[in-house]
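K.L.:
Take a look and give me a structure for this.
(one chain, ligands or ions: 1)
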Amino acid sequence: MAVEFKNFPLEGKLKGISDRQLQEHRDTLYKGYVNQYNRISELITKGDSSTANPHFSEWGELKRRETWAHNGALLHQMYFENLTEANSTKPGTKTTKLIERDYGSLEAFKADLLNAGKVAPVGWAVWAYSVLDKKTHVFLIEQHMNHTPIGVIPLLILDVFEHAYMIDYGTARPPYLEAFWENLNWNTVEERVAMVPGL
Ligand SMILES: [Fe+2]
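P.N.:
Numbering: from 1, shown residues only. Predicted coordinates for the structure are as follows:
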């Protein structure tokens, strides 16, 4: 089934993220990943897997790009889903409980998330619950697929590719991270946290 591009109408609602920045990111980058994922999926379905070998085959190259486009589309979708009008939502009951359990306070969680965002290379900072130790962590994903944890439930997605803030801030990432925090959609985060077992 083809993946649909979701239009997140956030124009005029975000603090510190301009409409032009939003539109370039959403309508060029995110849409591009959705389109490429659908194209790659179709070509893999029609392709000839019997040509596979460790060196080169068209089918093999498509398989190598499949995860890149898949994660690029889904991470962007989840990123825009967890944005909304600045300061219009607050952390929900389950989210607050989870943050206090794993970080002690909202302030400590904010510091951990945004500092991870400063450390992250080109890629993502993802707050996620791990089935391994049954705790949440902010994982750093390089590009869309390197160092990607398995066995996790993603709860909050922060894009730290330069394309997420370059138009508004040049190469200065910290003010973008503060703006991201102000624009967080805690209702979306609460829906995701509801999937964490044992809360
Ligand atoms: Fe992005």
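K.L.:
Contact residues of the chain facing the ion?
P.N.:
The chain comes close to the ion at residues D159, F161, A164, as judged by C-beta under 5 Å from the ion. All C-beta atoms are positioned from the backbone trio N, CA, C, and that covers glycine.
K.L.:
Just to check, the second one is in contact with P121?
P.N.:
No: at 9.7 Å, F161 does not count as touching P121 under the criterion of C-beta atoms under 8 Å.
K.L.:
quick one: which of these two has more around it?
P.N.:
Legend: neighbour count by other C-beta atoms under 10 Å for F161 and P121, higher for F161 (19 against 13).
K.L.:
Which pLDDT value does the model give the more buried one?
P.N.:
According to the predicted model, the pLDDT of F161 comes to 97.
K.L.:
do the same with Y103
P.N.:
As predicted, Y103 sits at a pLDDT of 98.
K.L.:
burial measure for it, as a count.
P.N.:
Applying the criterion other C-beta under 10 Å, we find 18 residues in the vicinity of Y103.
K.L.:
Now it: closest residue in space that isn't a chain neighbour?
P.N.:
Taking C-beta to C-beta, 6 or more residues apart in numbering as the measure, Y103 lies nearest to F109, with 4.1 Å between them; neighbours along the chain are not counted.
K.L.:
Tell me how far the one you found lies from E162.
P.N.:
Using C-beta to C-beta, to the nearest Å, we find F109 at a distance of 25 Å from E162.
K.L.:
how about F139, what does it touch?
P.N.:
A125, V126, A128, H147, T148, P149, V152 (C-beta atoms under 8 Å, 6 or more residues apart in numbering).
K.L.:
mind redoing it with 6 Å?
P.N.:
F139 makes contact with V126, A128, P149, according to C-beta atoms under 6 Å, 6 or more residues apart in numbering.
K.L.:
what do you get for K135?
P.N.:
Contacts here follow C-beta under 6 Å, 6+ apart; on that basis K135 touches D102.
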